[in-house]
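Colleague: Sequence first, predicted coordinates after that:
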Amino acid sequence: MHDKKRLIIIQDIDLETLKNFDRTNADILCIDVECMAKLQTSGLKFLSFYDFYTRADYLKNLKEKLDVLKEIFRELDARYDPIINYPRVFMGNYYLFLVYFSDFFFISEVIARLKNEYQDFSIYTSHKKEELDNYKVSIGIDFFEPFSIIKNRDFLILGLLQEGLLPEMIYSRSMDTLINPGKISYYLSVLMSSNKGLAANYFSTYLKNRYYIILNRNKKIIFSIDINYEPSYLLPFMGEYHFINPIKIIKEAKLDKKDNIPDFIETENDSIRNLTTLKNETFLNILKVYQRDVIPFISSFIDQMNLNILEFKPLCMFFSIGQVDILENITAYLSNENKIPVFNFQHGDGIEFSPDILEFNRYIEFNENIKKTLVLRSRKQYELLNSIKPENTELFMGGSCKIFDYIRYLPGKKNGKNKKVLVIIGHYPANAYKTLTGEENDFEIFNKHNQMFKIFKKYEIEAHLKIFPNNKYINYFKEMLRYHDLTSGKIIIQPNVEFLLGDYDMVLMEYIGSALTPLLMGLDVPVVYWSHKQFINQNVLEDFCRLFYLISNDSEFEDVIRKLKDNKLASKYDSELVEQYCFPSLTTPPEKIISDHIKSQISTNNVNR
């Protein structure tokens, strides 16, 4: 039990307001790392959500609740199936529900614990009152944009805190704005990068792909849901085919709404409320909105997709990252029903390095409900995943076209006088609480950054921080660089990491689960991961440590930086391991391996149909 009776919760606040607000008999709680940095600058002590609800408890409780939620969804699916003519009305959108529910559940359980500790609450936010009020009344889901179910996370969190704690709301002005660069800015950043070979290849590949898309309009059809990532590299090797995204075609048509859909959710009201300690109705309301805005249009979408299949007669179906939402799940399901081969391309984290297949991976590229071929990157991936592959999954060791392309242009060893380190920044738990299924919580990350920047300052290291363009923590890192007086520090938004690697003496990764891991294997400079051994698959831990420096605390990091400064930090590049973990072949491009396999599958399937 905490001594204070009042809790001040800060989502965002400007420093002037921070100096003047009343902290009498009150504790302060920061929602994320950005406000932690501001309070640190002001010399104020603070708490985090994790002082009340630990990562271990959250993971244990979340797993139990997700098992219950999936059972509820399966019961609802069985009831809707004969009406909608689709067997997975809810489980077909499970990934997006998982992301939303992870946030909802975490905050709801934190609220239950806060109410046991404090009597009065205040919330400081940079959002305007009318923004929060409008969000509450206007929440809805666009059928063709299912991701709208998880937009405006700040509003979700603040709405739950308002509803659960009945706090005094203080609307503080924010001093900073986020940068959202556009495509032209990105193209210019690629053009100006030091890796001219990779930049030239990037634009050449882009123009070739546009050429093949236009040239092949009257040829045999392949349906490709999002011609990005790996499938885009196949275009020049599959010149006899034309790639079409059928969902885009259907989006232009008007879908018919099915009337008189029964409210089966009503029968599960109590079960859904009981998913949280507070019996909160927010998640129940989201499911009702989904029932109102999505379910009535599914039958019409199925009809339209069947018409497209009948008209275009696609020879196979590509999914660049698996089936993410209800639209992609329906499309893959209808492909199975029509005996059209489905190919999923493995995307995202280096899945062979994770201790287990994460919950959300099971419903995207490993989707056990869809019969498909999953194109893997390497022999090691195939070896590790073959024994645990889900039902309906055929594994094919094709390689990553993208990484093969990039590694050809990776720079060699670098030994600069003024040591420069590229720090690759991740997404933090407050950016999506499902990230807690990964590694550290926000407060642990905040402490790690303080240690990191302090050591950079001590050894006069020029640290450049590469963040995602849509990363909400730009202002956080500005504040941390100011606080630690890292005048040589720099925040990089564009271009992508692969165009930057030639400019640095060392690369620092702060999380394991990244698609960059196999790319960094091909880099002949020291690569350091600041994480923990328990977050790595023990079957590959020895290999991981042969390729990278793995550290877990500030003293180990200082030892690495001291060696870097003294020119004693060696690269761990290992061509044998690169061949095992990056490609099935170091000489044959994955584009050829994959396209040849797909063509043979198409030919065999046509004979059997």
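Modeller: Looks like it arrived, so ask away. Numbers count the residues shown, from 1 in each chain.

Colleague: Tyr529 belongs to a strand?
Modeller: Yes. Assessed by DSSP: H, G, I helix; E, B strand; the rest coil, Tyr529 belongs to a strand.

Colleague: burial of it, as a residue count?
Modeller: 26 (other C-beta atoms under 10 Å). C-betas here are computed from N, CA, C, even on glycine.

Colleague: Quick one: classify Ile222 as helix, strand or coil.
Modeller: strand.

Colleague: wait, it sits on Phe243?
Modeller: Yes. Contact criterion C-beta atoms under 8 Å: Ile222 and Phe243 qualify, at 5.3 Å.

Colleague: between the two, what contacts are shared?
Modeller: Phe318 (C-beta atoms under 8 Å, 6 or more residues apart in numbering).

Colleague: And the two? Which one has more around it.
Modeller: Taking other C-beta under 10 Å, Ile222 and Phe243 do not tie; Ile222 has more neighbours (25 against 21).

Colleague: contacting residues around that one?
Modeller: Ile222 is in contact with 238, 241-244, 314-318, counting by C-beta under 8 Å, 6+ apart.

Colleague: let's see it at 10 Å
Modeller: Ile222 makes contacts with 216, 231, 234, 238, 241-244, 312, 314-318, 340-341, 343, 598, 602, as judged by C-beta atoms under 10 Å, 6 or more residues apart in numbering.

Colleague: Please narrow the residues you listed to those residing in strands.
Modeller: Per DSSP state E, strands hold the following members of those: 241-244, 317-318, 343.

Colleague: now, the most widely separated pair of those residues?
Modeller: His242 and Phe343 (16.3 Å; C-beta to C-beta).

Colleague: quick one: which of these two has more around it?
Modeller: Applying other C-beta under 10 Å to His242 and Phe343 shows that Phe343 carries more neighbours, namely 25 against 21.

Colleague: From Pro146, how far off is the more buried one?
Modeller: Distance, Phe343 to Pro146, using C-beta to C-beta, to the nearest Å: 22 Å.

Colleague: repeat for Lys288
Modeller: Distance from Lys288 to Pro146, by C-beta to C-beta: 16 Å.

Colleague: Check Leu160 too.
Modeller: Counting by C-beta to C-beta - Leu160 and Pro146 are separated by 21 Å.

Colleague: Neighbours of the closest residue to Arg74 other than its chain neighbours, how many?
Modeller: Leaving out its chain neighbours, the residue that sits closest to Arg74 by C-beta to C-beta, 6 or more residues apart in numbering is Met91, at 6.4 Å. Counted with other C-beta under 10 Å, residues neighbouring Met91 total 19.

Colleague: Quick check, Met91 in contact with Tyr333.
Modeller: No. When contacts are counted by C-beta atoms under 10 Å, Met91 is not listed as touching Tyr333 (11.0 Å).

Colleague: Now do the shared contacts for these two.
Modeller: 367, 369.

Colleague: which SSE is Val99 in?
Modeller: Following DSSP states H and E, one finds Val99 within helix 94-117.

Colleague: helix or strand right after that helix?
Modeller: Assigned by DSSP H and E, the successor of helix 94-117 is strand 120-125.

Colleague: what's the angle from that next one to helix 94-117?
Modeller: Taking axes from the mean of the first three to the mean of the last three C-alpha atoms, to 10 degrees, one finds strand 120-125 and helix 94-117 inclined to each other by 140 degrees.

Colleague: Next, the buried residues of strand 120-125.
Modeller: Of all the residues in strand 120-125, those buried under the rule 16 or more other C-beta atoms under 10 Å are 121-125.

Colleague: Listing partners with orientation, what would you give for that strand?
Modeller: strand 6-10 (parallel), strand 168-171 (parallel) (DSSP bridges).

Colleague: Quick one, which of those strands gets closest to Ser575.
Modeller: strand 6-10 (50.3 Å).

Colleague: what distance separates that closest one from the middle of the whole chain?
Modeller: Remark: strand 6-10 is offset 30 Å from the chain centroid, using C-alpha atoms, centre = their mean, to the nearest Å.

Colleague: Now it: average pLDDT?
Modeller: Across strand 6-10, the average pLDDT comes to 91.

Colleague: buried stuff in it?
Modeller: Across strand 6-10, burial judged by 16+ other C-beta under 10 Å covers 6-10.

Colleague: Need these in CSV (columns: distance to Met305).
Modeller: Compiled in CSV, the buried residues of strand 6-10 are given as follows (distance: C-beta to C-beta, whole Å):
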residue, distance to Met305
Arg6, 55
Leu7, 51
Ile8, 52
Ile9, 46
Ile10, 47
